[in-house]
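Participant: requesting a structural model of the entry that follows:
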Amino acid sequence: MKNIVYIGKYTLNENFLTAEGKRVLNQVKYLLNRHEVFVITFSSQSSNYRFNLNFKTKEQKGFLDLLGFPFYWITIFWNLIKRKKKENFLLLESNVEIYSICPIFFAKILGYKIIHDVVEDFSLASNLSRNQKISITIGKWFQKNISKYCSGVIVISENLATKYNQIDLPIIKIYNSVDKQEYDDSDYPIETFNFFYSGSFNAKDGVLDLIEAFNFLSKKEENVHLYLTGRGHGQYFNDCLSKIKNNNKIAYKGFLPENEMFSYIKKSHVLCITRSNSAFANNGFPFKLAEYLSFGIPVLTTTVSDIALLLKNNENAFFAIPESVKSIAETMEKIILNYPKAIEIGKKGRLFCLENFSIEAIGSELEGFVERVHTIKDIIE
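Facilitator: Now for the predicted structure:
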């Protein structure tokens, strides 16, 4: 039995899970039956999981907040010491933050094998705040020197795999997983034809393209509706709100707890992921893809990142060209015109999801990689 400790800046709260939080939670659900697992998080939301130690933090930090870091670090040091076993691993999620710098080096001194799970290349992100720029600068240094503190690397896309293959470390590509036990097949409502999007409102997400495509579609189709949920800020988000205010067939519902978001999904006919063809989007991978497919509802997605490597157009999903309003609108219309076939494609998408994105499938890959890291490092040492 291994001691596996996660550390990262994400939310573990059953009603306000972030994408990275869901990624970790699903991995933990698999690992808990086989190993000692503990998750250390830094989040403004409180946690309600027994295996999680959460340090309550603010989004905007001042000087007084920095004084809390020694308390965080000492508490983490103690947890790393008391949980130490024969085989110990520290899994870093996403970007290395100022919160996790000292714990990383302390874990290294204690003999923990450190595995970095790289889910995005944040250096490619745009419109960053000052605090985000500081975090990115720290993260860049750690990524540049990753072989000095890591024993293995997990990536989430083929582009990231190519980027990290040059380092002399074990590397594996692991996608997001979804808990198939949480979902049932859709009832396919018939009152109106509903499209649905949930996620962030940033340039990489292509929400403006989705809105403009729907605005075009809604002029031709009378009985259609688009639901939007999630968080946004800045000019891009404001542009999205401006585009929808004159169309009463579009409803922005804000950021919703999981149970409320799922209720909107269940009354939707098509679930949309229209990410842009940006370097940032192509280095990551949309968490929503696995979640959407698991419902058995038809999924409309642009062909960014590894999506076209995994899914097949008109077989288990519907593809549109990224950043092409015309292509997205045409795909929307195609689904409406032959929805009985679309339902069958949605069900095939669900089967693909359960075979490839289940907690068991992804968890087994992760567990095998942890064992591989342990074996390789033991041989070297």
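Participant: now do the helices in the stretch 251-381 of the chain.
Facilitator: For the stretch 251-381 of the chain, the helices defined by DSSP state H, counting those that start in this stretch cover 258-266, 279-283, 287-294, 307-310, 325-337, 339-356, 359-380.
Participant: could you check how far the shortest one is from the centre of its chain?
Facilitator: Relative to the centre of its chain, helix 307-310 is centred 17 Å away, using Cα atoms, centre = their mean, to the nearest Å.
Participant: CA atoms of that helix as PDB?
Facilitator: What follows is helix 307-310, C-alpha atoms only, in PDB (Å, rounded to 0.1, in the frame of the first residue of the first chain):
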ATOM      1  CA  ILE A 307     -10.700  15.300 -29.600                       C
ATOM      2  CA  ALA A 308     -10.400  14.200 -33.200                       C
ATOM      3  CA  LEU A 309      -7.900  11.500 -32.200                       C
ATOM      4  CA  LEU A 310     -10.400  10.000 -29.800                       C
END
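Participant: find the nearest non-adjacent residue to residue 249, please.
Facilitator: Sequence neighbours aside, residue 218 is the residue nearest to residue 249 in space, at 4.8 Å (criterion: Cβ to Cβ, 6 or more residues apart in numbering). Yep, even glycine has a C-beta here, placed from its N, CA and C like the rest.
Participant: actually, residue 314.
Facilitator: Excluding the flanking residues, the one nearest residue 314 by Cβ to Cβ, 6+ apart is residue 345, at 6.7 Å.
Participant: what does residue 167 give?
Facilitator: residue 147 (5.0 Å).
Participant: repeat for residue 139
Facilitator: According to Cβ to Cβ, 6+ apart, the nearest residue to residue 139 is residue 95 (4.0 Å).
Participant: residues near the one you found, how many?
Facilitator: Residue 95 has 25 neighbouring residues, counting by other Cβ atoms under 10 Å.
Participant: pLDDT score for it?
Facilitator: pLDDT for residue 95: 75.
Participant: before we move on, what about the one 4 residues further on?
Facilitator: Reported pLDDT at residue 99 in the predicted model: 81.
Participant: make residue 1 into 26 and carry on from there
Facilitator: Fine by me, first position is 26 from now on; the one you just mentioned is residue 124.
Participant: winner for burial among the helices of the stretch 276-406 of the chain?
Facilitator: Across the helices of the stretch 276-406 of the chain, averaging neighbours per residue (mean count of other Cβ atoms under 10 Å) puts helix 312-319 on top, at a mean of 25.
Participant: let's have the helices of the stretch 276-406 of the chain in JSON lines, adding distance to residue 270 and mean pLDDT.
Facilitator: Formatted as JSON lines, the helices of the stretch 276-406 of the chain follow (distance: least, Cβ to Cβ, whole Å; pLDDT from 0 to 100):
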{"stretch": "helix 283-291", "distance to residue 270": "20", "mean pLDDT": "88"}
{"stretch": "helix 304-308", "distance to residue 270": "26", "mean pLDDT": "89"}
{"stretch": "helix 312-319", "distance to residue 270": "25", "mean pLDDT": "93"}
{"stretch": "helix 332-335", "distance to residue 270": "31", "mean pLDDT": "96"}
{"stretch": "helix 350-362", "distance to residue 270": "18", "mean pLDDT": "97"}
{"stretch": "helix 364-381", "distance to residue 270": "29", "mean pLDDT": "95"}
{"stretch": "helix 384-405", "distance to residue 270": "40", "mean pLDDT": "85"}
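Participant: that concludes my questions; thank you for your assistance.
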